[in-house]
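A.B. asks: Everything below, folded, please.
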Amino acid sequence: MSSTAAASAAVTAGRRARMTTSRRLSVMMLGMTVLVLAGGGVGAVALSHTAAVSNRLADRISPARTAVSRLESGLLEQVAAVRGYVITGDPELLRPYEDGVAAERATARRVRDLLADEPAARRELDGALALAERWRAEYPTRLIAARRAGTSAAELAPVVRQGRLAFDAAQAALTSLEARLDRVQAAGRADLDRARAVRDLLFVAILATLLLSSIVISVLVRTTVLRPLDRLGASVRRVAGGDFEHRLAPEGPADIARLTVDVETMRQRVVDALNTSRRHRDALEQQAAELRRSNEDLEQFAYVASHDLQEPLRKVASFCQMLQRRYADQLDDRARQYIDYAVDGATRMQNLINDLLAFSRIGRVYRDDREVDLGATLAQAESNLSEPIAEAGAEIVADRLPVVHGDPTLLTMLWQNLLGPSSRRESHPPALTDPYVTVSRHTALVVLVNQ
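C.D. replies: The predicted structure is shown next:
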């Protein structure tokens with residue numbers, strides 16, 4: 001028990017340093033959760049940045065670039081409409097000019113909204129629109145009014161050429177704005193490409209981190225939980241296989257170590273109980289050996305005693321019978337009766353001694369259980385009782401007897417006890433005092449019941 005106590009003390013001392021399996025798994029799952037949340041947060045930020053850059057390009061820069069191109073096209077249409085009206089004087093040609101001015105103003109408002117986050121481009125847009133408004137105020141308005149007043153196209157040609165310079169300035173401003181928006185768009189696309197690259201890299205890093213974390217957790221679970229459990233299971237199987245002297249060393253988490261100590265305590269108790277059982281068995285075997293020696297001594301003593309006791313009894317019976325035969329004429333009936341009593345007592349004493357000797361040997365000497373033919377045992381009993389049968393003038397007739405399982409010697413002795421003469425069996429039907437004895441299957445049933 002000292003080893004168990006030492007192991008228990010070691011586990012108690014190491015409880016603070018060791019964590020249980022559930023706590024270790026909780027820490028691992030918490031770390032995995034933190035990694036997942038951190039990776040999810042970083043991925044969300046990367047996705048948000050990518051979406052913001054993509055939305056800026058798709059929702060603001062690209063529509064603004066298209067709208068500025070439409071402003072430049074509309075300005076060219078306005079120039080063409082004014083020139084056509086100056087040349088032809090047809091009022092229908094002014095309709096595209098008026099529609100273009102209205103469309104330009106609506107487009108300008110939309111571009112301003114789109115470039116709300118681009119102050120430099122918005123200032124440049126305002127400058128270009130101011131140049132366009134100045135061009136319309138100084139030239140198209142004057143040309144339209146003069147043409148309506150009746151001025152000829154040839155007279156208005158110098159004004160048209162002068163307005164060309166103002167128009168070119170407004171067009172150059174719009175072209176510069178387009179170039180700026182092209183650069184902003186290119187920068188946005190580059191930023192989008194970088195954001196996508198960072199996003200992909202982050203996702204790969206998150207996936208690699210999760211995979212590495214899974215591997216690390218699997219290795220930790222294997223080394224700190226499963227391996228101690230496997231060793232504990234191997235030790236338990238080894239003890240269950242019969243190696244009760246194999247000691248179980250606590251290792252691993254605190255709960256597995258406590259389980260190992262409990263199993264070790266149980267093993268030690270089983271070993272103690274086994275040692276106690278072995279000591280008791282050895283003591284019983286020693287007592288059984290002593291009892292066998294004592295029985296052998298008693299049997300030897302009974303044999304010697306029966307032999308020594310039977311000899312005087314035979315002498316008493318013989319001399320009494322000789323006395324009866326020789327002095328029969330001189331003895332009266334009472335004397336002959338006394339002699340018969342003495343002979344009968346000696347005979348009964350001999351039978352009692354033989355029965356005691358046979359009874360002392362039953363279960364210790366005769367242990368030959370097998371299939372036995374009762375007819376053969378009856379024949380052996382007749383052979384053993386041949387002299388009493390001859391003296392009694394008896395005749396034994398036997399039916400065909402069955403085969404039973406038993407000891408042939410004991411069954412022979414049983415037949416002798418059933419058939420032999422004895423004053424103690426007055427009520428038993430088949431005895432040698434009868435001149436004719438029949439042995440049937442009923443007698444065999446009696447034998448089986450006695451067996």
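A.B. asks: What segments of the chain are strands?
C.D. replies: For the chain, the strands defined by DSSP state E occupy 370-373, 395-398, 403-406, 436-439.
A.B. asks: ok now the first one, how far from the chain's centre?
C.D. replies: Right, the one you point to is strand 370-373. 57 Å (Cα atoms, centre = their mean, to the nearest Å).
A.B. asks: Ok, the second one next?
C.D. replies: On the basis of Cα atoms, centre = their mean, the separation between the geometric centre of strand 395-398 and that of its chain is 77 Å.
A.B. asks: and if you look at the third one?
C.D. replies: Average the C-alpha atoms of strand 403-406, do the same for its chain, and the two points are 56 Å apart (Cα atoms, centre = their mean).
A.B. asks: Would you mind extracting the C-alpha trace of that strand into PDB?
C.D. replies: What follows is strand 403-406, C-alpha atoms only, in PDB (Å, rounded to 0.1, in the frame of the first residue of the first chain):
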ATOM      1  CA  VAL A 403     -25.200 -51.400 -16.000                       C
ATOM      2  CA  VAL A 404     -24.800 -48.400 -13.600                       C
ATOM      3  CA  HIS A 405     -22.200 -45.800 -12.900                       C
ATOM      4  CA  GLY A 406     -20.300 -46.300  -9.700                       C
END
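A.B. asks: which other helices and strands contact it?
C.D. replies: Applying 3 or more Cβ pairs under 8 Å, 6 or more residues apart in numbering; DSSP states H and E, we find strand 403-406 packed against strand 370-373, helix 441-450. Where C-beta positions appear, they are placed from N, C-alpha and C, glycine not excepted.
A.B. asks: Can you tell me the strand partners of that strand and which way each runs?
C.D. replies: Note on strand 403-406: by DSSP bridges, its sheet partners are strand 370-373 (antiparallel).
A.B. asks: got any ranges where the stretch 251-400 of the chain has weak pLDDT?
C.D. replies: Applying pLDDT under 70 to the stretch 251-400 of the chain picks out residues 299-311, 355-368.
A.B. asks: coming back round to it: G74: which of the strands of the chain is closest?
C.D. replies: Closest approach to G74 among the strands of the chain is made by strand 403-406 (127.4 Å; Cβ to Cβ).
A.B. asks: about what we covered before: hey, which of the strands of the chain is tucked in deepest?
C.D. replies: Burial of these is given as mean neighbour count (mean count of other Cβ atoms under 10 Å); strand 436-439 ranks first at a mean of 17.
A.B. asks: Mind jotting down where the helices sit in the stretch 101-250 of the chain?
C.D. replies: Using DSSP state H, counting those that start in this stretch, the helices of the stretch 101-250 of the chain run over 119-138, 140-148, 153-221, 227-240.
A.B. asks: Can I get the ones you listed in CSV including mean neighbour count, mean pLDDT and distance to L414?
C.D. replies: As requested, the helices of the stretch 101-250 of the chain are exported to CSV (neighbours: other Cβ atoms under 10 Å; pLDDT from 0 to 100; distance: least, Cβ to Cβ, whole Å):
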stretch, mean neighbour count, mean pLDDT, distance to L414
helix 119-138, 18, 83, 131
helix 140-148, 17, 81, 153
helix 153-221, 15, 81, 75
helix 227-240, 15, 81, 50
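A.B. asks: got the ones you listed as JSON lines, with distance to L298 columns?
C.D. replies: As requested, those are exported to JSON lines (distance: least, Cβ to Cβ, whole Å):
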{"stretch": "helix 119-138", "distance to L298": "128"}
{"stretch": "helix 140-148", "distance to L298": "153"}
{"stretch": "helix 153-221", "distance to L298": "71"}
{"stretch": "helix 227-240", "distance to L298": "46"}
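A.B. asks: Hmm, S213 is touching A38, no?
C.D. replies: No: using Cβ atoms under 8 Å, S213 is not in contact with A38, being 11.1 Å away.
A.B. asks: Going by mean pLDDT, which of the helices and strands packed on strand 403-406 comes out lowest?
C.D. replies: Least confident of the helices and strands packed on strand 403-406, judged by mean pLDDT, is helix 441-450 with a mean of 44.
A.B. asks: how close does A205 sit to P250?
C.D. replies: Distance of A205 to P250, given as Cβ to Cβ, to the nearest Å: 41 Å.
A.B. asks: Same question for I87.
C.D. replies: 108 Å.
A.B. asks: The two: which has the busier surroundings?
C.D. replies: P250 (22 against 15; other Cβ atoms under 10 Å).
A.B. asks: so the more buried one sits right up against V261, yeah?
C.D. replies: Yes: between P250 and V261 there is a contact under Cβ under 8 Å: 5.4 Å.
A.B. asks: Which pLDDT value goes with the nearest residue to E264 once chain neighbours are set aside?
C.D. replies: Distances taken as Cβ to Cβ, 6 or more residues apart in numbering put L248 closest to E264, at 4.3 Å, once the chain neighbours are dropped. Reported pLDDT at L248 in the predicted model: 76.
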